[in-house]
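Visitor: Pasted the sequence and its predicted model underneath.
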Amino acid sequence: MNPPRRTLLAGTAALLALPALAATRPFAEMTDGPFYPPPRWRERWPDWDADLTRVQRGAEARVARGEHFGLELAVLDTDGRALDNAEVEIWQCDALAAYRHPNVAQEPGRFDEGFQGFGAARSGRGGTLALRTIKPVPYPGRTPHIHVKLRHPSFGERTSQLFIAGDPGNARDFLWRRLGAEERAALDMKLEPAPAGSGLRWVARHRLVVPA
């Protein structure tokens, strides 16, 4: 296996239409929270890919409820260099506000059987990757959010949460309120209507900055 490389943000990253890069501080870290699905539990399920909106169980495929959402990410460091081969995991509740976790009862009718709840991808050359999920919904006591965890040999592991820019629930969320203006900008996703025919309702193009 080739070692991870740092390259100038170019190529596929241009598709993200990101603003001009400048050195900045890494995104604010947060804990895993109570619903990070443990690896041993995930091993029971073969379908934890980058598309959280489709669950394959044998010959049967189920499709997630909610507004399907394309999340395009670019992973770069504080010097503005892109990181390829970064592992990115996301997890969130489904459209019924239920998480996938061994401590959460999966009662029929109270969770969406078409939503994975957890997915993962690796950044390619240029530091970019794409995941398909649903627009996050409020969870009791929380504003809509997506948990995100990054791993790479250059910085180890970092965990945080992504929020919807301008969501009215943000101002009531205890974690979002703790963030400064720059920290919010680093974690607030700007949703845009998806292109016609994409099968998505929304897209967001976002960069995740990690230590150099």
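Guide: Cool, the structure landed.
Visitor: I figured residue 184 was touching residue 175, is that so?
Guide: No - counting by Cβ atoms under 8 Å, residue 184 does not reach residue 175; the two are 10.7 Å apart. In this view, the C-beta of every residue, glycine as well, is placed from N, C-alpha and C.
Visitor: average pLDDT for the longest helix seen in the chain?
Guide: In the chain, taking DSSP state H as the definition, the longest helix is helix 181-187. Averaging pLDDT along helix 181-187 yields 95.
Visitor: following it, which helix or strand shows up next?
Guide: strand 188-189 (DSSP states H and E).
Visitor: okay, and for this structure, where does confidence drop off?
Guide: 1-23 (pLDDT under 70).
Visitor: And the nearest residue to residue 99 once chain neighbours are set aside, how far from residue 161?
Guide: In this structure, residue 99 finds its nearest non-sequential neighbour in residue 35, 4.0 Å apart by Cβ to Cβ, 6 or more residues apart in numbering. Residue 35 is 12 Å from residue 161, where distance means Cβ to Cβ, to the nearest Å.
Visitor: Same drill for those two, tell me which one is more crowded.
Guide: Each of residue 35 and residue 161 has its neighbours counted (other Cβ atoms under 10 Å); residue 161 has more, 24 against 19.
Visitor: so who does that one touch?
Guide: 30, 145-148, 175, 187 (Cβ atoms under 8 Å, 6 or more residues apart in numbering).
Visitor: ok, then the element right after the helix or strand hosting residue 119?
Guide: Following DSSP H and E, the helix or strand that holds residue 119 is strand 118-122. Later in the chain than strand 118-122, the nearest helix or strand by DSSP H and E is strand 128-134.
Visitor: Tell me the helices and strands packed up against that following strand.
Guide: Counting by 3 or more Cβ pairs under 8 Å, 6 or more residues apart in numbering; DSSP states H and E, the packing neighbours recorded for strand 128-134 are strand 68-77, strand 87-91, strand 118-122.
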